[in-house]
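Colleague: my questions concern the predicted model and sequence given below.
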Amino acid sequence: MSDIIEVMLNNDKPIQIKLLSKIVLVAYIFTLLWLVLFKFSFDIVYVLEEHQTRDLGLTLFTGGLREMMYNLVVFIPFGLLLSVNFKKITFWQKLAIISFFSFAIEIIQFVLAIGVTDITDIVTNTLGGLTGLTLYIFGKTLVNSRKLDRLINITGILIIMLLLVFRFFVIKVKY
């Protein structure tokens, strides 16, 4: 495994790295949507038909600390992966994308009635993305940006694989 990581870190083919970065970002977004909207359930129709909950939480920070930390941590990779994939757009544009994506997820939950639409989720998701964006900027001061991008890609692949392993062998789905 360490040999594979070493090859990926030292590979100087920018086209392959860019393609890998985009694949990792898309895989992360699909995994994130599957997690947030359907709680890793394979029976999406069942979730849509049998778990109708439409609630609107407009008071900030009324949920538990655990859920807020969970939302923050889950969105850190979004900021990192946007930074890897979109070098030409500004920090603020990336943050706006993260905020809009989080808002869109909450609206989808409300429209489909599959969860609580909560302003706190939007704030904590955005803070998670902000943390990822900031970590990327900090990381560039310590490491060459090409190596940082590769490291983020490798980490993203490992995290997605780990989530899938947990989903199939450890996590019991709510629905």
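Modeller: That came through fine. Residues are numbered from 1 along each chain as shown.
Colleague: what is the neighbour count of Leu163?
Modeller: When neighbours are defined as other C-beta atoms under 10 Å, Leu163 has 17 of them. Heads up, the C-betas are built off the backbone N, CA and C, glycines and all.
Colleague: likewise Asn144?
Modeller: Neighbour tally, Asn144, other C-beta under 10 Å: 9.
Colleague: before we move on, what about the one 5 residues further on?
Modeller: The tally of other residues near Asp149 (other C-beta under 10 Å) stands at 25.
Colleague: next, it: secondary structure please.
Modeller: The three-state label given to Asp149 by DSSP: H, G, I helix; E, B strand; the rest coil is helix.
Colleague: name the SS class of the nearest residue to it once chain neighbours are set aside, please.
Modeller: If the residues on either side of it in the chain are set aside, Asp149 comes closest to Val84, at 4.7 Å by C-beta to C-beta, 6 or more residues apart in numbering. Classification of Val84 by three-state DSSP places it in helix.
Colleague: this protein: helices as residue ranges?
Modeller: 2-10, 14-38, 44-50, 65-85, 91-112, 119-142, 145-169 (DSSP state H).
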